[in-house]
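K.L.:
pasting the sequence and the predicted model now:
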Amino acid sequence: MFTADPTARVFNGKLYVYPSSDTYPPAGREAEFPRFCMPGYHAFSLENGSTWKDHGWILKENDVPWGEKDTYAMWAPDCIEKDGKYYYYYPAKPKNDKAFRRIGVGVSDNPTGPFKWEKSFIKEVTGIDPGLLLDDDNKAYLFFGGGHELYAAPLKDNMKEVAAKPILIEGLPAGYKEGSFPFKKDSIYYLTFAHVFPDEGYTIGYATSKKPLGPYTYQGKIMDNINNGTNHHSVVKYNDQWILFYHSWDISGYNKLRSIRADYMTFKKDGTIKKVIPTLR
Ligand code: FUB
């Protein structure tokens, strides 16, 4: 199978990856899918530090309670743990609604489900690429949005509703595109994202702030363009090492059938991130 947009998380010391999946379009419908064809989500865990276990389908598009069927529009997801429950966020095409995508949520007692899916999408949230941040004070924030604008809102304790109207994140550079991943290290809030340069294409950039909702200051690139079309990614600390999960299409040779990858990432003493040079090039 082909997987993209990996969000990696550590829950109870174990490493999990929540990617989206790329498939070939259904026979006879090829012309409908000039872009990605994405039917839903599997989840993976690293067993004994060496083997990836596939937990199977955790959500298929046709099982989204509020979603349009058979549009293959299940883009990048995220999953986060709060107070012993696991919350899975995903974008889908809503039925009877003009929005490009809405974001839904499900809750489970286990990192790989089964999840109980909310009947409706999260109100006041329109966009793609949910990225979740759980702060040290146990407050959660939902970042979302593509197409050059990033929004974020605090979540209520139930993790299913926004606690305030989403705000536009300020301070991102021109060329900010999508795929934001928020995290915190040593009191600094980091936001990594797809950053497009006209002469280079998609790179991974990052910005920092002293507050979760910004304003942010652009700090530079984490990874140059690697000819992968898009570059949705995530950052995780596992066994005391920071790892950047990202994707590339070098296995398929086709930019709509991507595969996930990972490389170690290091911070300098001042908190800035050293550029990651992909092991596979
Ligand atoms: O994979 C589908 C979409 O492309 C993601 O949601 C975006 O971040 C980009 O990678």
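P.N.:
Ah, there it is. It should be emphasised that the depicted structure is a prediction, and the values quoted were computed from it without experimental measurement.

K.L.:
residues touching residue 211, list them.
P.N.:
For residue 211, the contacting residues are residue 189, by CB atoms under 8 Å, 6 or more residues apart in numbering. Heads up, the C-betas are built off the backbone N, CA and C, glycines and all.

K.L.:
nope, residue 279 is what I was after
P.N.:
Going by CB under 8 Å, 6+ apart, the list of residues near residue 279 reads residue 263.

K.L.:
that one: helix or strand, and which one exactly?
P.N.:
Under DSSP states H and E, no helix or strand contains residue 279.

K.L.:
can you give me the neighbour number for residue 66?
P.N.:
17 (other CB atoms under 10 Å).

K.L.:
how close does it get to residue 165?
P.N.:
21 Å (CB to CB, to the nearest Å).

K.L.:
residues of the stretch 1-150 of the chain that sit close to the ligand?
P.N.:
4-5, 20, 36, 75-76, 128-129 (CB under 6 Å from any ligand atom).

K.L.:
so can I have JSON lines of the residues you listed showing neighbour count?
P.N.:
Formatted as JSON lines, those follow (neighbours: other CB atoms under 10 Å):
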{"residue": "4", "neighbour count": "26"}
{"residue": "5", "neighbour count": "31"}
{"residue": "20", "neighbour count": "26"}
{"residue": "36", "neighbour count": "22"}
{"residue": "75", "neighbour count": "22"}
{"residue": "76", "neighbour count": "29"}
{"residue": "128", "neighbour count": "22"}
{"residue": "129", "neighbour count": "27"}
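
K.L.:
taking those one by one, which sit in strands?
P.N.:
When these are checked against strands (DSSP state E), the matches are 4-5, 20.

K.L.:
residue 169: which of those is nearest?
P.N.:
Residue 169 has its nearest neighbour among those in residue 5, at 19.6 Å by CB to CB.

K.L.:
close enough to count as contact, that closest one and residue 19?
P.N.:
Yes: the criterion here is CB atoms under 8 Å, and residue 5 meets it with residue 19 at 5.7 Å.

K.L.:
report the set of residues contacting both of these two.
P.N.:
77, 247.

K.L.:
coming back round to it: want to throw the ones in strands among the residues of the stretch 1-150 of the chain next to the ligand into a markdown table with pLDDT?
P.N.:
Below are those laid out as a markdown table (pLDDT from 0 to 100):
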| residue | pLDDT |
| --- | --- |
| 4 | 97 |
| 5 | 98 |
| 20 | 98 |
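
K.L.:
can you tell me which of those lies closest to residue 193?
P.N.:
When these are compared for distance to residue 193 (CB to CB), residue 5 wins out at 12.8 Å.

K.L.:
list the contacts for that closest one?
P.N.:
So residue 5 contacts 19-20, 75-77, 179, 230, 232, 247 (CB under 8 Å, 6+ apart).

K.L.:
if we go to 6 Å?
P.N.:
19-20, 76, 232 (CB atoms under 6 Å, 6 or more residues apart in numbering).

K.L.:
ok, it to residue 181 distance?
P.N.:
10 Å.

K.L.:
now the closest residue in space to residue 117 that isn't next to it in sequence: how far from residue 182?
P.N.:
Sequence neighbours aside, residue 106 is the residue nearest to residue 117 in space, at 4.2 Å (criterion: CB to CB, 6 or more residues apart in numbering). Between residue 106 and residue 182 the computed distance is 20 Å (CB to CB).
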